[in-house]
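Trainee: let me see the structure of the following:
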Amino acid sequence: MPSNTTAADSLQTSFRDAMAHVCSPVAVVTAFDGDRPHGTTVSAFMSLSMEPPMVTIALDQNSELLGVIRAHGNFAVNVLGAHQSDVALAFARKGHDKFDGIGWATTQTLSALNGAAIWMSCAAERFVTGGDHTIIVGAVRHVIREESPPLTYHGRIFGTHSPILNAT
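Mentor: As a prediction, the model looks like this:
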């Protein structure tokens, strides 16, 4: 180990590399601040409860979107379809023009991205600090599902799920 590398840096690098090996769904979380839509790409998204239906997302403590959700209490989860890696990249960058050139509509007072495999409107119920992120527990209010394979992220590349044939 080089002398300028600390044990914490090594652990962080090892952890980042390990998490890159975990297959994650790719979602864009959106919310409105007045008339202005906000959104960001996340891979930290999962179902939490069936009764009642709940999901969790995680946003960086410095995320502008986190402030919008705290202020307004609602957000949408757009689980992207396998054909939407360009949308994932557009929403992963910084800036206020993420929606430029992206097809979307207002559904249930939240932004829904065209072509998403799944869209859910959620009410933020709880905010839990975890390190440099905040976990938001959301009560699912409405779901729309399309027949589209999901976009996934694994090994720092986009892909989609492929079933194992003849698995026993």
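Trainee: next one, pLDDT for the residue lying closest to Ala76 once chain neighbours are set aside please.
Mentor: Closest residue to Ala76 apart from its sequence neighbours, by C-beta to C-beta, 6 or more residues apart in numbering: Leu110 at 3.9 Å. (Glycine included, C-beta is placed from N, CA and C.) Note on Leu110: pLDDT of 93.
Trainee: tell me the spacing between Val28 and Val22.
Mentor: Going from Val28 to Val22 by C-beta to C-beta, to the nearest Å gives 19 Å.
Trainee: Thr129 belongs to a strand?
Mentor: Yes - counting by DSSP: H, G, I helix; E, B strand; the rest coil, Thr129 is part of a strand.
Trainee: how many neighbours does it have?
Mentor: Other residues lying near Thr129 total 9 when counted by other C-beta atoms under 10 Å.
Trainee: all numbers from here: first residue = 42
Mentor: Sure, I'll start numbering at 42, so the last one becomes Thr170.
Trainee: which residues touch the residue nearest the centre of the chain?
Mentor: By C-alpha atoms, centre = their mean, the chain has its centre lying nearest to Val83, at 2.7 Å. By C-beta atoms under 8 Å, 6 or more residues apart in numbering, Val83 lies in contact with Val67, Ala68, Val69, Val70, Ile98, Ala99, Leu100.
Trainee: ok, now with 10 Å
Mentor: 65-70, 98-101, 104, 106, 118, 129, 132-133, 174 (C-beta atoms under 10 Å, 6 or more residues apart in numbering).
Trainee: now those: which count as buried?
Mentor: 65-70, 98-100, 104, 106, 118, 129, 132, 174 (16 or more other C-beta atoms under 10 Å).
Trainee: now, those residues that are in helices?
Mentor: Leu106, Ala129, Phe132 (DSSP state H).
Trainee: turn those into TSV, including distance to Val181 and pLDDT.
Mentor: Converted to TSV, those look like this (distance: C-beta to C-beta, whole Å; pLDDT from 0 to 100):
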residue	distance to Val181	pLDDT
Leu106	18	96
Ala129	22	97
Phe132	21	97
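Trainee: quickly list what Thr71 is bridged to.
Mentor: Gly80, Ala117 (DSSP bridges).
Trainee: does it touch Lys139 like I think?
Mentor: Yes - between Thr71 and Lys139 there is a contact at 9.3 Å, judged by C-beta atoms under 10 Å.
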